[in-house]
Each structure stands twice: as C-alpha cells, then as structure tokens.
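1. below are the sequence and a predicted model for it; my questions follow.
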Amino acid sequence: MAETPAMKVSITSFDIAQGKKSSARFCPVASALSRAFERDIWVGWAFCYSHPDSLPKMILPLPQEAQDFVINFDQGKNVEPFDFEISFS
C-alpha cells in the first residue's frame, strides 16, 4: 500500500509572536502553512483551506497536534514552536 504524501510544517517563535488569536488567516498555524504552501492558507479548528478566491481550491484536515495548538493559542495559553506533518489524503 502506498504512503500518503505529507509535508513538514514548522511553527516558529516568530509565527507565535506575530499571530493573532481567533484569526483564521493570521494565527501561527495559518502563517506557517501559508509559508509552506506558498499561498494564502486559512485555518479552522479542524481544517486548513486555501483562500476562498484562490485556485485550485484546497481543504485538508489538520493533525490533532495542530488542532490542539490552535485551541490553546486562541485561549491565550502558553504555546511553543513545533513541527507537524500535514497529509494530502
């Protein structure tokens, strides 16, 4: 069985410092994904998606550790830089 392609994404301390709570476009995870994909990526609690006006459209599920980070960041909890992989399934 073939492996599902994945991309490593790094949330940096700069992403965290510049991130905005409850912002689909400017949270640290969105910034890191936008950098990795080289296009505007927005983030919800469970999915990431391309900007509504960009083509081709893209919707991908966020791994659990990224979901937890978004929730903790939005709640003002202390968060640290980390890496995660996002799968193209």
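-> Arrived safely. Note that the structure is a prediction, hence the values are computed from the model and not measured.
2. for the helix or strand bottoming out on mean pLDDT in the chain, packing partners?
-> None of the helices or strands of the chain scores lower by mean pLDDT, DSSP states H and E than strand 47-50, at a mean of 87. Judged by 3 or more Cβ pairs under 8 Å, 6 or more residues apart in numbering; DSSP states H and E, strand 47-50 is in contact with helix 28-37, strand 41-43, strand 59-61. All C-beta atoms are positioned from the backbone trio N, CA, C, and that covers glycine.
3. now the ones you listed in TSV, with distance to Lys8?
-> Below are these laid out as TSV (distance: least, Cβ to Cβ, whole Å):
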stretch	distance to Lys8
helix 28-37	8
strand 41-43	15
strand 59-61	14
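4. among these, which is nearest Gln75?
-> helix 28-37 (13.6 Å; Cβ to Cβ).
5. what comes up buried for stretch 59-67?
-> For stretch 59-67, the neighbour count (16 or more other Cβ atoms under 10 Å) marks 60, 62, 66-67 as buried.
6. lowest pLDDT pick from those residues?
-> Looking at the buried residues of stretch 59-67 by pLDDT, the weakest one is Leu60, with 91.
7. quick check: closest non-adjacent residue to it.
-> In this structure, Leu60 finds its nearest non-sequential neighbour in Cys48, 5.4 Å apart by Cβ to Cβ, 6 or more residues apart in numbering.
8. tell me, how many residues neighbour that neighbour?
-> Cys48: 23 surrounding residues under other Cβ atoms under 10 Å.
9. ok, now Phe47?
-> 12.
10. residues contacting it?
-> 59-62 (Cβ atoms under 8 Å, 6 or more residues apart in numbering).
11. wait, which of those residues is closest to Ser23?
-> Leu62 (15.2 Å).
12. one step back: can you redo the buried residues of stretch 59-67 as a markdown table with distance to Arg35?
-> Shown next, in a markdown table, are those (distance: Cβ to Cβ, whole Å):
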| residue | distance to Arg35 |
| --- | --- |
| Leu60 | 15 |
| Leu62 | 16 |
| Ala66 | 14 |
| Gln67 | 19 |
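13. looking at the residues you listed, spot the one nearest Ser31.
-> Ala66 (12.4 Å).
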